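Trainee: Provided below are the primary sequence and the corresponding predicted coordinates.
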Amino acid sequence: MNISQTVDRARGPEFDLSTTFGRDDVLVIGLVQADSAPSGTSDGAVSNEPTLVIGDGILDDAAASAISDAVTAVRANGSHGEITRLPAPESVPVPIVIAVGLGRADDLDDADKLRQAAGIVARELDGFDSVVTTLAATDLSAIAEGLFLGSYRFTAFRSDKTAPTKTPPKRVTLLVEQKSKEAKAELTHAITVADSVAIARDFVNTPPSHLFPEAFADAAAELARQSGLSVEILDDTTLEREGYGGIVGVGKGSSRLPRLVRLTHGGKKDTKSVGLVGKGITFDTGGISIKPAAGMENMTSDMGGAAAVIATTILAARLDLNVNVTATVPMAENMPSATAQRPGDVLTQFGGITVEVLNTDAEGRLILADAIVRAGQDNPDYIIDTATLTGAQMVALGTRTPGVMGTDDFRDRIARLSAEVGENAWAMPLPEELRDDLKSRVADLANVTNHRWGGMLSAAIFLREFVPESVQWAHVDIAGPAFNTGGPWGYTPKGGTGVPVRTLIRVLEDIAANG
């Protein structure tokens, strides 16, 4: 994949709002389990049978009754994610109806369950060019995001021999009672957010043969300039001259040398400023402290934090948020070679702190430390860094739950906002007793402790050493959530997930609104 493919490709269907049917390929509706029926459902619901969720006035009574009878005949129950295919009644101008289970009636109040159901049905729509759906009667924004993200596919490196013969829909029409300005704005926001998540997914899914520091920096810069951001790229020579010892130290083992990318979105005067920092290790062998071979291919995802930060900063510009956002993104490839740093080496981080490198596979914190110091020089009100940083994150929280650490109030604010968008970051402590375990025999700090306990927490404590005292700070560890090594679920595909773009933009929106 070259830069133009990364920048210009369509990452999801086109969306529109309508109050009436056209000639589409398939109608998608929702089913709710029979325990209770929400407002806007069809008449004549029978006990122990699922209820159609179609909104008021979108389908006539005869069509709704015919679909309801067909659903009952095939014994669909409306359980969350259940897919049922039916021939459409003659009065409905589509050949096929696909019903997706939305779960119980009280699940309609859970935006992420709706988003997940929409993502599940989106994966059933390959081969249909044009889709119309009544699902927007539940939550327009969640349904649009789920359908867009569930339609995401990454096929850039497949030849014609293995490329899928059926492709996702090109157009999705959301049926609504009224095409109001508010509904149009809600749809635009949802699709803009989802498209930015897909940008992050594209970066993560691009293999390291094609996405190395220089290529990553160029692709990020091209996307950023298209969105009106200012761009600065520091190359390896500049990084060494200006004293970015962490980035240089990690990157010097590779023939593909490091970069630092700075992207800036400016809000209006007298607004808050936020520094975003994302780990951009384009491939991580572990360096001299080399990783086991099994599963090492998944280290193509070790730049998931950088991808999310770049996508979020572009999104802030697209949404014209009234907040100053500067992304500081270090990019390096961690390779073993004659020039690679060794366990026992001491490097000088940007800003002057010396670090003894006890383990070269704990490299992410070294490049993040340089970037955090540089971000702090902008005197932001907040700094958020995010990274696929530690295997300990997955041990503690599993593969779907990011850990968030940092300044107590800001940490808790991020966890709360992350839960609102369905990414569910979980607040974690920074136990002071772990700080002593980062003491070095010869330098200011060691990059790891001499034990494996609380590894996610000690990594965050290491990063805290580089954060200005006056700044509210949070570190979001996404080691598991950024890359799905299993099968698709909800609106999450196999491979890059785009976590935590939706958390970060929700936090930026909250800061823009509330300071």
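Mentor: Arrived safely.
Trainee: which residues of the stretch 151-300 of the chain fall in strands?
Mentor: Using DSSP state E, counting those that start in this stretch, the strands found in the stretch 151-300 of the chain span residues 171-175, 230-234, 259-265, 273-278, 280-284.
Trainee: and Phe21, which of those is closest to it?
Mentor: Across the strands of the stretch 151-300 of the chain, Phe21 has its closest neighbour in strand 171-175 (7.6 Å, CB to CB). To be clear about C-beta, it is placed using only N, CA and C from the backbone, and glycine gets the same treatment.
Trainee: identify the residues contacting that closest one?
Mentor: By CB atoms under 8 Å, 6 or more residues apart in numbering, the residues outside strand 171-175 that reach it are 13-22, 24, 55, 58, 129-137, 140, 143-144, 147, 187.
Trainee: switch the cut-off to 6 Å
Mentor: Strand 171-175 is contacted from outside by 13-18, 58, 130-132, 134, 136, 147, using CB atoms under 6 Å, 6 or more residues apart in numbering.
Trainee: rounded mean pLDDT for it, please.
Mentor: For strand 171-175, the mean pLDDT works out to 97.
Trainee: what's the answer for stretch 379-388, then?
Mentor: Across stretch 379-388, the per-residue pLDDT values average to 98.
Trainee: with distance to Val499 and mean neighbour count added, can I get the strands of the stretch 151-300 of the chain in JSON lines?
Mentor: Below are the strands of the stretch 151-300 of the chain laid out as JSON lines (distance: least, CB to CB, whole Å; neighbours: other CB atoms under 10 Å):
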{"stretch": "strand 171-175", "distance to Val499": "23", "mean neighbour count": "23"}
{"stretch": "strand 230-234", "distance to Val499": "25", "mean neighbour count": "16"}
{"stretch": "strand 259-265", "distance to Val499": "20", "mean neighbour count": "25"}
{"stretch": "strand 273-278", "distance to Val499": "12", "mean neighbour count": "28"}
{"stretch": "strand 280-284", "distance to Val499": "16", "mean neighbour count": "29"}
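Trainee: make JSON lines out of those and add distance to Val404.
Mentor: Supplementary listing: the strands of the stretch 151-300 of the chain in JSON lines, determined by distance: least, CB to CB, whole Å:
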{"stretch": "strand 171-175", "distance to Val404": "33"}
{"stretch": "strand 230-234", "distance to Val404": "28"}
{"stretch": "strand 259-265", "distance to Val404": "23"}
{"stretch": "strand 273-278", "distance to Val404": "14"}
{"stretch": "strand 280-284", "distance to Val404": "20"}
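Trainee: out of the ones you listed, nearest to Tyr382?
Mentor: strand 273-278 (4.7 Å).
Trainee: next secondary structure after the helix or strand of the chain with the lowest mean pLDDT?
Mentor: Of all the helices and strands that make up the chain, helix 3-8 has the lowest average by mean pLDDT, DSSP states H and E, namely a mean of 60. On the C-terminal side of helix 3-8, the closest following helix or strand by DSSP states H and E is strand 14-18.
Trainee: tell me what angle that following strand forms with strand 171-175.
Mentor: 30 degrees (axes from the mean of the first three to the mean of the last three CA atoms, to 10 degrees).
Trainee: just the buried positions in strand 14-18, please.
Mentor: When burial is assessed from 16 or more other CB atoms under 10 Å, strand 14-18 yields the following buried residues: 15, 17.
Trainee: and the contacts of it?
Mentor: The contact list for strand 14-18 (CB under 6 Å, 6+ apart) reads 144, 171-174, 176, 179, 183, 191.
Trainee: next one: it to chain centre, how far?
Mentor: The chain centroid and the centroid of strand 14-18 are separated by 24 Å under CA atoms, centre = their mean, to the nearest Å.
Trainee: can you check stretch 52-64 too?
Mentor: 35 Å.
Trainee: endpoints of that stretch, how far apart?
Mentor: Across stretch 52-64, the terminal residues are separated by 8 Å (CA to CA, to the nearest Å).
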